[in-house]
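A.B. asks: 3D model of this:
(chains A and B)
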There are 2 protein chains.
Amino acid sequence: MEQVCQVPYSTGTGRHAGMLGARHARSLEWSPLRRERKARPSSFHRAGRATCPPRAGATMSTRPPTRPPGSVPAVLLGFQPALALTGALCLQQNLGSSSPGKKQSKENTITINCVTFPHPDTMPEQQLLKPTEWSYCDYFWADKKDPQGNGTVAGFELLLQKQLKGKQMQKEMSEFIRERIKIEEEYAKNLAKLSQNSLAAQEEGSLGEAWAQVKKSLADEAEVHLKFSAKLHSEVERPLMNFRENFKKDMKKCDHHIADLRKQLSSRYAAVEKARKALTERQRDLEMKTQQLEIKLSNKTEEDIKKARRKSTQAGDDLMRCVDLYNQAQSKWFEEMVTTTLELERLEVERVEMIRQHLCQYTQLRHETDMFNQSTVEPVDQLLRKVDPAKDRELWVREHKTGNIRPVDMEI
Amino acid sequence: MEQVCQVPYSTGTGRHAGMLGARHARSLEWSPLRRERKARPSSFHRAGRATCPPRAGATMSTRPPTRPPGSVPAVLLGFQPALALTGALCLQQNLGSSSPGKKQSKENTITINCVTFPHPDTMPEQQLLKPTEWSYCDYFWADKKDPQGNGTVAGFELLLQKQLKGKQMQKEMSEFIRERIKIEEEYAKNLAKLSQNSLAAQEEGSLGEAWAQVKKSLADEAEVHLKFSAKLHSEVERPLMNFRENFKKDMKKCDHHIADLRKQLSSRYAAVEKARKALTERQRDLEMKTQQLEIKLSNKTEEDIKKARRKSTQAGDDLMRCVDLYNQAQSKWFEEMVTTTLELERLEVERVEMIRQHLCQYTQLRHETDMFNQSTVEPVDQLLRKVDPAKDRELWVREHKTGNIRPVDMEI
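C.D. replies: Below you'll find the model as predicted:
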C-alpha cells in the first residue's frame, strides 16, 4: 500500500502523465479533485464518508444536504417510515483534518479483512448515521474476533444471530403458552368431571338447589378456563409461532446476500493487490530504463523507455480500474449493510412490539378469565341467600309426614 | 276393650265399690272426675290430649293455660330458645265433641302398634303443638307401612333416616370439596412447575424483564390456588366432616332411647291386655255366682259371691294399675318423642345453616382467589408498559457492537 500512494499513475482516460524523475514521482500526490470528476453516484450515497468532497467545517446537520433533486440516498429510500419515526439520518459530511491543503499521507486508509477504513492516525471525524438511536447501521462495521476459534465473525453475523435468537425466544414463548394451555385444559377437564359427580345429589329443598348450583358453577368455571385456553391458542400461541416461520427464510436470504457481497469484495481486493504488484514492476522497469538513458543515450533505449512508460501507464490504468471496481463492490456492500441492518432493526422493533402486544393480550385474557370466574360464583351466592331451613322442613314434612294425631291416654 | 268400658272396677284405694246387679254393672260409667283426682303430672304435660279435663270450647290459645306455677310442660323446658324464636307452643286443650254430658263411647280411643290414639269417629279436635312451623313434633306420631316389607316403620325412624341422610349429604359435600382441593393442588403444582421452566429465559432487556414476570406470575397464581386449597381444607372441608362425627353417635343414642321406650310401651300394653282378660274372667265368675245366688240362696254361695267380688275388684285394680303404667310409659314416650323430634329439628336447622355458612365460605374463598389472581397480573402489566425496543437495542448494541467506523473508498 505504501508504494501505491508514492507512485504516479495514469487513469488511462487520455490525460498525459508525462515523464517524471524519481524524486518527482515520490512527491506526486493524487488529487481528490480529480476523483470527484468521476461522479460515481454510489460515493455520494455513502453519507459522511471520508471520500466525499472535502468542505471543511460544512456539515449537513446544520443545513440541508446540497444533493441533486431525486438523489435521496438509496439506502434510506426504503426507510421513510423509520425516518419519520426516528428523525432524519445525520448526513454530515465529516471531513476531519484531511483538508485539500493537507498532505494525503500513506496512512489515510487501512484495509482489514478486505474492508477499507480510514486510518486511525489520520481518521477524519465521522458522525453516526443515526446519532441518537443506537442504530444497528452504525455499530457493526468491523468484524469481531471469534472468541472460540482464530477466525472472525462479521458484524452483520452478530446481528443475524441476535435476530435468530430473538425468534427462538419468541418460539419458546409460544411453547410456554402452549404448556399453559395444556394446564388450563387439564384444569377445565377436572372441574367439568367433578361437576358431573353425584356426591350429595340427594340433598333437598333450597339447600339442595344451592348445592346443585355449587356443582354447576364448576362446569361454568371449566367453561371459562376452556375459553381462556382456546383464546390463548388463537390469540397468543399461534400468532407468536406463525410470525417466526417466514422470518427464518428472510434471514437466510439476507445472510447469503451480504456474504456474497463480502466475497465479491474479497476477490476485488485480490485483483487490486495483483494490479498493484504489476504496476510496481512496471515502474521499476521504467526507472531502470530511464537510468540507462542517462548513462548511454541511444535511439534504441529511447524506444525502450517509451514502451516502458506506455506499459507503466497501462498498469496504472489497470490498478485504477481494479480500485474502482473494489470501491464499487465496497459501496454496494456498504449500501446493503445499511439497508439490511436497518431492516433487521425494524424487524427487531416489530418483534419486541409484537411480543409485547401478545403478552398484553395474555394478561387481558387472564383478566377476563378472572372476571368471568367471578360471575360463576354469583348464582351460587344468590341461591345460598335463599336457603331457608324452615321452608325445606315444610317441603320435607309435607311429603313424609306419618300422622299428626297425637296419642292419648288409654281409658279403662 | 269393649268390656273394659262397660264393667265396674275398683281402684283398690279403699273406696267401696259396693255390690251391683248385672244391669247396673253395664250402666256403670267411669267418671273422668275420678281420674282427675289422681293428679298424674304427665297427663297434664301432654298438652291438647283428649284425656285432659273436658272443658268444651275453652282453649288455651285464647287464654293462658291455667297451670300450677312451675308446671311448665317438661318437654318444652329444654326448648325455650326454640320457643323464643318460633312462638309459644299452642297449648290448646282441645276437647272436641266429648263434653262431660256426652257418652264416653267405646270408640273413644284406638290402639295401633301399642300406641293409643283418639278414635277417628269420635276424635276431639287437636290443634298442632307448633301450628305454623311444620314441626317434626307434630307430624310423626303414627307408624308408616314399610313400602318394601310388611312391617311398619316408626315415624321417628323416618326422622332419624332423614337426619342420617342429611349427614351423609354433608359428608359427601365435604368429599366433593376434597376433590376440588385436589384439582386446585394439581393445578397449582402444574403452574409452579411451568413457572420454573427455562423457555425464553435468554430474552433480554425490558422485554426480558416482562417475560420473566409473566413466568413469575404463574408461581404467584400457583400460590393463590394453593392458599385457596389450604383454606378450602381448613374452613370448608374439615368443618363439614367434623360436624358429622359426633352426630352419628348422638343419633344412635336417640334411636336406642326411643326404641326402648316403644318396647316398654309394647310390654305394658301386653300387661294391660292380660289384666283385661283376667278381669273379664273374674267378672264372668262373679256374674255367674250372682245368678246362682238368685236361684238358690245359701250361706256358702253368699261367701262365694263375696270372694268373687273381691277377686273382681282386685282384677279391676290390677287392670287399673296396668293401664296406669301403660299410660305412664306412653306419656314418657310422648315426652321423649316431642323432646327428641324438636332436637332433631334443631339439629337439622343447624345442619342446613352450617352447610349454608360453609358454602358461603366457599364462595367467599373463590371470590378472594379471583381477586388475588387479578393481582398476579398487575406486575406483568406494569413491566409490559415499560417494554421499550429502543432502550433494549441500546443495551444490546452497547454490549455487542463491533465498530462504528464506517468504511471509506480505497485510495490508489
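
A.B. asks: give me the residue from the stretch 51-200 of chain A nearest chain B.
C.D. replies: Ranked by CB to the nearest CB, the top residue of the stretch 51-200 of chain A for proximity to chain B is A:A142, at 3.0 Å. Every C-beta, even on glycine, is put in place using the N, C-alpha and C of the backbone.

A.B. asks: For that residue, the count of nearby residues, please.
C.D. replies: Applying the criterion other CB atoms under 10 Å in any protein chain shown, we find 19 residues in the vicinity of A:A142.

A.B. asks: Provide the angle between the direction of the lengthiest helix in chain A and the direction of helix B:299-385.
C.D. replies: When chain A is scanned for its longest helix (criterion: DSSP state H), the result is helix A:299-385. Here helix A:299-385 runs at 160 degrees with respect to helix B:299-385, directions being taken by axes from the mean of the first three to the mean of the last three CA atoms, to 10 degrees.

A.B. asks: Tell me the helix or strand right after helix A:299-385.
C.D. replies: Downstream of helix A:299-385, the next assigned helix or strand under DSSP states H and E is helix A:389-400.

A.B. asks: quick check, stretch A:157-174 touching chain B?
C.D. replies: Yes: applying CB under 8 Å from any CB of the partner chain, one finds that stretch A:157-174 is in contact with chain B at A:158, A:162, A:165-166, A:169-170, A:172-173.

A.B. asks: Could you give the average pLDDT over that stretch?
C.D. replies: Computed over stretch A:157-174, the mean pLDDT rounds to 93.

A.B. asks: Stretch A:236-251 now?
C.D. replies: When pLDDT is averaged over stretch A:236-251, the result is 81.

A.B. asks: coming back round to it: quick check, the longest helix of chain A touching chain B?
C.D. replies: Yes: contact of helix A:299-385 with chain B is found when judged by CB under 8 Å from any CB, involving A:319-320, A:323, A:326-327, A:330-331, A:334, A:345, A:348-349, A:352-353, A:355-356, A:359-360, A:362-363, A:366-367, A:370-371, A:373-374, A:377, A:380-381, A:384.

A.B. asks: what stretches of the stretch 251-400 of chain A score poorly on pLDDT?
C.D. replies: Along the stretch 251-400 of chain A, the model assigns pLDDT under 70 to residues A:297-300.

A.B. asks: what's around A:L194, how many residues?
C.D. replies: Taking other CB under 10 Å as the definition, A:L194 ends up with a neighbour count of 19.

A.B. asks: Can you check what angle separates the longest helix of chain A from helix B:389-400?
C.D. replies: An angle of 130 degrees separates the directions of helix A:299-385 and helix B:389-400 when computed by the same axes, to 10 degrees.

A.B. asks: now helix A:299-385, how far from the centre of its chain.
C.D. replies: 4 Å (CA atoms, centre = their mean, to the nearest Å).

A.B. asks: Stretch A:180-198 too?
C.D. replies: Distance of stretch A:180-198 from the chain centroid (CA atoms, centre = their mean) equals 44 Å.

A.B. asks: Got a quick ChimeraX command for the buried subset of the residues of helix A:299-385 next to chain B?
C.D. replies: Buried residues among these (16 or more other CB atoms under 10 Å in any protein chain shown), as a ChimeraX selection:
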select /A:319,320,323,326,327,330,331,334,345,348,349,352,355,356,359,360,362,363,366,370,373,374,377,380,381,384
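
A.B. asks: Can you flag the buried ones in the residues of stretch A:157-174 next to chain B?
C.D. replies: Applying 16+ other CB under 10 Å to the residues of stretch A:157-174 next to chain B flags A:158, A:162, A:166, A:169-170, A:172-173 as buried.

A.B. asks: Redo these as TSV? Include secondary structure and distance to A:E411.
C.D. replies: TSV is the format used below for those (DSSP: H, G, I helix; E, B strand; the rest coil; distance: CB to CB, whole Å):
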residue	secondary structure	distance to A:E411
A:L158	helix	113
A:K162	helix	107
A:G166	helix	102
A:M169	helix	97
A:Q170	helix	96
A:E172	helix	93
A:M173	helix	91
